[in-house]
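**Student:** Here's my sequence, what's the structure:
(2 chains)
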Amino acid sequence: MTVHYVYGVLPVGQRPAELAEGPDGVDVQLVEGHGLAAAVSELPADRYGEEQFRTHAEDPLWLEKLATAHHRVLASIARHDDVVPLRMPTLCRSRQSVLELLDDRADVLKDALTSVSGRVEWGVKLYAESRPAEQQKVEATSGRDYLGQRMAQGRARDEERALRGDVVRACHEALCAVSVDAAVNAPQDPALSGRREPMVLNGAYLVTREDETDFLSVFDTQAVGPCREAGILAEITGPWPPYNFS
Amino acid sequence: MSESMRPYDGQDRSPYRTGGGNNPASLADVLERVLDKGVVIAGDIQIRLLDIELLTIKIRLLIASVDKAKEMGINWWESDPFVSAQALGDDDEDGAPRELQERVEVLESRLKDLDDGGRAKR
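**Tutor:** Coordinates of the predicted model:
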């Protein structure tokens, strides 16, 4: 018994220049039909079947292994070719039902392919560094004095926050100007990002392959520099398969 | 903290790289995309995975317990280049952990010394 695990969809008749292995070294095949090609692995049902998914639906270790394989396959294709990533997991009982899936959703998938054609995704995350208060702490001589100091500190904090907000917006707009589309995702929790500093932007940008150099240079000049001055850390990841734009 | 989570430093930053890179995609970034993005089309087997929010909480717990998992020997991700920067940085091309590699080198050089010594005597 096997299940057909679908990673993503490609234009038909195009053998990707690279195609990584699925989980446990299983082959990835192209199932072609209705003007589309699905990247599919036939996986043993006793390891990756419906029952296994139900049992492991809340098991991060098990899911991560599969998520990693899912990404590996899509990333290998997207390195040179167009691909529309499907959300994990997309499972079919047979090759025939993969073909039916392509038939049923041909319009949506073809539209998605058109919108990502020749484009990849870049991720930019900004983190607000905590900076020591710039003002010298002066011993308050009276209650009035103390309140005055507190208010001044509050104003300084508000100003810094406003400045950072402006820098983050300017940075995002500069990146948008060199991309076709952008998505702003919820900031990751420090436990996930691996950084203590709070994330203030979790952006994804759809960039035409020919414009990648421009995008990176805009990141270098219009994000990293101004951000550093404002106490913001800029991090870039990519190129990714167009997960956020499919 | 893994190397994959450090800030931009002008190094190669491509998550496509399968080897030799020093800044592969972080696990959190991969999960965020794979589980929460992409086209949703249901196959004839319908699976509802855990809500991404709940999964995130679980992953937080997992990250906290990674060291514990290692103790138990469930550390497949360490050898997976897409998950672990360490796997790329520390392992040889053939996947041998550096520590082992070094031990082999030490043993080989001792063997050579013994061999040379033996030859000199002859």
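**Student:** Could you tell me which residues make contact with residue A:126?
**Tutor:** Listed by C-beta atoms under 8 Å, 6 or more residues apart in numbering or on different chains, the contact set of residue A:126 reads A:168, A:171, A:199-201, A:223, A:227, A:232-235. Any C-beta I mention is one placed from the backbone N, CA and C, and that applies to glycine too.
**Student:** if we go to 10 Å?
**Tutor:** For residue A:126, the set of contacting residues under the criterion of C-beta atoms under 10 Å, 6 or more residues apart in numbering or on different chains consists of A:164, A:167-168, A:171-172, A:187, A:197-203, A:223, A:227, A:230, A:232-235, B:7.
**Student:** ok, and the closest non-adjacent residue to residue A:2?
**Tutor:** With sequence-adjacent residues excluded and distances taken as C-beta to C-beta, 6 or more residues apart in numbering or on different chains, residue A:2 is closest to residue A:42, at 4.7 Å.
**Student:** Tell me if the helix or strand of chain A with the lowest mean pLDDT is near chain B.
**Tutor:** Every helix and strand of chain A was ranked by mean pLDDT, DSSP states H and E. The lowest is helix A:190-193, at a mean of 78. Yes - when contact is scored as C-beta under 10 Å from any C-beta of the partner chain, part of helix A:190-193 falls within range of chain B: A:190-193.
**Student:** could I have that helix exported to CSV, CA atoms only?
**Tutor:** Coordinates of the C-alpha atoms in helix A:190-193 are reproduced here as CSV (Å, rounded to 0.1, in the frame of the first residue of the first chain):
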residue,chain,number,x,y,z
PRO,A,190,11.8,34.6,20.1
ALA,A,191,11.7,30.8,20.8
LEU,A,192,11.3,30.2,17.1
SER,A,193,13.5,32.9,15.7
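**Student:** buried sites along it?
**Tutor:** By neighbour count, and taking 16 or more other C-beta atoms under 10 Å in any protein chain shown as the criterion, the buried residues in helix A:190-193 are A:191-193.
**Student:** and it, what other elements does it pack with?
**Tutor:** Here helix A:190-193 is seen to pack against strand A:119-128, strand A:199-208, helix B:27-36, helix B:52-64 when contacts are counted using 3 or more C-beta pairs under 10 Å, 6 or more residues apart in numbering or on different chains; DSSP states H and E.
**Student:** what's the distance between that helix and the middle of its chain?
**Tutor:** Helix A:190-193 has its C-alpha centroid displaced from the chain centroid by 15 Å (C-alpha atoms, centre = their mean, to the nearest Å).
**Student:** for stretch A:228-237, the distance to its chain's centre please.
**Tutor:** The chain centroid and the centroid of stretch A:228-237 are separated by 18 Å under C-alpha atoms, centre = their mean.
**Student:** With stretch A:71-90 instead?
**Tutor:** Mean-position distance between stretch A:71-90 and its chain equals 13 Å (C-alpha atoms, centre = their mean).
**Student:** And that stretch, what's buried?
**Tutor:** Neighbour-count burial for stretch A:71-90 flags A:71-79, A:81-90 (criterion: 16+ other C-beta under 10 Å).
**Student:** From those, list the ones also adjacent to chain B.
**Tutor:** A:71-72, A:74-79, A:84-90.
**Student:** what two of those have the greatest distance between them?
**Tutor:** Across these, no pair lies farther apart than A:79 and A:89, at 22.6 Å, counting by C-beta to C-beta.
**Student:** related to what we said a few turns ago, can you get me a residue count around the residue nearest to residue A:2?
**Tutor:** Per other C-beta atoms under 10 Å in any protein chain shown, the neighbour tally for residue A:42 reads 20.
**Student:** got the domain boundaries for chain A?
**Tutor:** A:2-116, A:119-133+A:166-245 (automatic domain parsing).
**Student:** What is the distance between the longest one and the centre of its chain?
**Tutor:** Centroid separation for domain A:2-116 versus its chain: 18 Å, with C-alpha atoms, centre = their mean.
**Student:** Let me know the average pLDDT across it.
**Tutor:** Per-residue pLDDT values over domain A:2-116 give a mean of 93.
**Student:** That domain: end-to-end distance?
**Tutor:** Taking C-alpha to C-alpha, to the nearest Å as the measure, domain A:2-116 stretches 31 Å from start to finish.
**Student:** excluding its backbone neighbours, what's nearest residue B:44?
**Tutor:** Here the residue nearest residue B:44, using C-beta to C-beta, 6+ apart, is residue A:97, at 4.6 Å.
**Student:** got the contact list for the one you found?
**Tutor:** Applying C-beta under 10 Å, 6+ apart, the residues contacting residue A:97 are A:4, A:6, A:91, A:104, B:43-45.
**Student:** Just the ones in helices from those, please.
**Tutor:** When these are checked against helices using DSSP state H, the ones located there are residue A:104.
**Student:** Buried only: go through the contacts of residue A:97 for me.
**Tutor:** Of those, these count as buried by 16+ other C-beta under 10 Å: A:4, A:6, A:91, B:43, B:45.
**Student:** Pipe those into CSV and attach distance to residue B:108 per row.
**Tutor:** As requested, these are exported to CSV (distance: C-beta to C-beta, whole Å):
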residue, distance to residue B:108
A:4, 48
A:6, 48
A:91, 49
B:43, 53
B:45, 52
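**Student:** In strands, which of those appear?
**Tutor:** Counting by DSSP state E, the members of the buried ones among the contacts of residue A:97 that fall within strands are A:4, A:6, A:91.
**Student:** which among these gets closest to residue A:120?
**Tutor:** Looking at these and their distance to residue A:120, the nearest is residue A:6, at 20.8 Å (C-beta to C-beta).
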